[in-house]
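Q: predicted coordinates and the sequence they were generated for:
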Amino acid sequence: MQSVRCAIAGMPQQLLVEILQNLAAESGRIQIVDGVYSVAELPALVASTPVDVLILGMREIAMTEKGLKPLHPELQALPIIGLDDYGHLTAFLRNAGREAVLNMILAVSGANPGCSDGCSDASSDGSDP
């Protein structure tokens, strides 16, 4: 299985960056491909490095449709996770499909711990809820 490639930008604290890097290394399914200090540096990063998910600090940008508008259109199309100074997480998925919504609900509820099969099934027996 291919790793999910993530880029980090505008993170409010270096400690959060280190925590994310450690979590990615422990997961074996997530790769932090690069990081930049400012969200303004993201277009150049994404132009040179394939990225599947953006992880953004929320000091520079609001995690709303209006707040994300200044981002380059290619960046707006990617799934975005925002973290604030206190570790609060916000996810922004444009045109999220059924599977993405189900996986997000299961992930935040803790109902799918470990997710060893890549989080592809919403239920353990493969049936629809």
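A: On my side now, so go ahead.

Q: residue closest to the middle of this protein?
A: Ile81 (4.0 Å; CA atoms, centre = their mean).

Q: next, that one: phi, psi?
A: phi -110, psi 130 (degrees, to the nearest 10).

Q: phi and psi next, for Ala24.
A: phi -60, psi -50.

Q: contacts only, for the residue nearest to the centre of the chain.
A: Applying CB atoms under 8 Å, 6 or more residues apart in numbering, we find Ile81 in contact with 53-56, 89-92. Glycine gets a C-beta too; all of them are placed from N, C-alpha and C.

Q: do that again at 7 Å, thanks
A: By CB atoms under 7 Å, 6 or more residues apart in numbering, the contact set of Ile81 is 53, 55, 89, 91.

Q: greatest separation within those residues: which pair is it?
A: The most widely separated members of the contacts of Ile81 are Val53 and Leu89, with 12.5 Å between them, by CB to CB.

Q: show me what Ala7 is bridged to.
A: In this entry, Ala7 is beta-bridged to Asp34, Leu54, by DSSP bridges.

Q: how near is it to His72?
A: 13 Å (CB to CB, to the nearest Å).

Q: going by neighbour count, list what's buried in stretch 91-99.
A: Residues Phe92 are the ones in stretch 91-99 that count as buried (16 or more other CB atoms under 10 Å).

Q: picking that back up, list the beta-bridge partners for the residue nearest to the centre of the chain.
A: Ile55, Ala91.

Q: tell me, what's the model's pLDDT at it?
A: Looking at Ile81, its pLDDT is 87.

Q: the one 10 residues further on now?
A: In the prediction, the pLDDT value recorded for Ala91 is 81.
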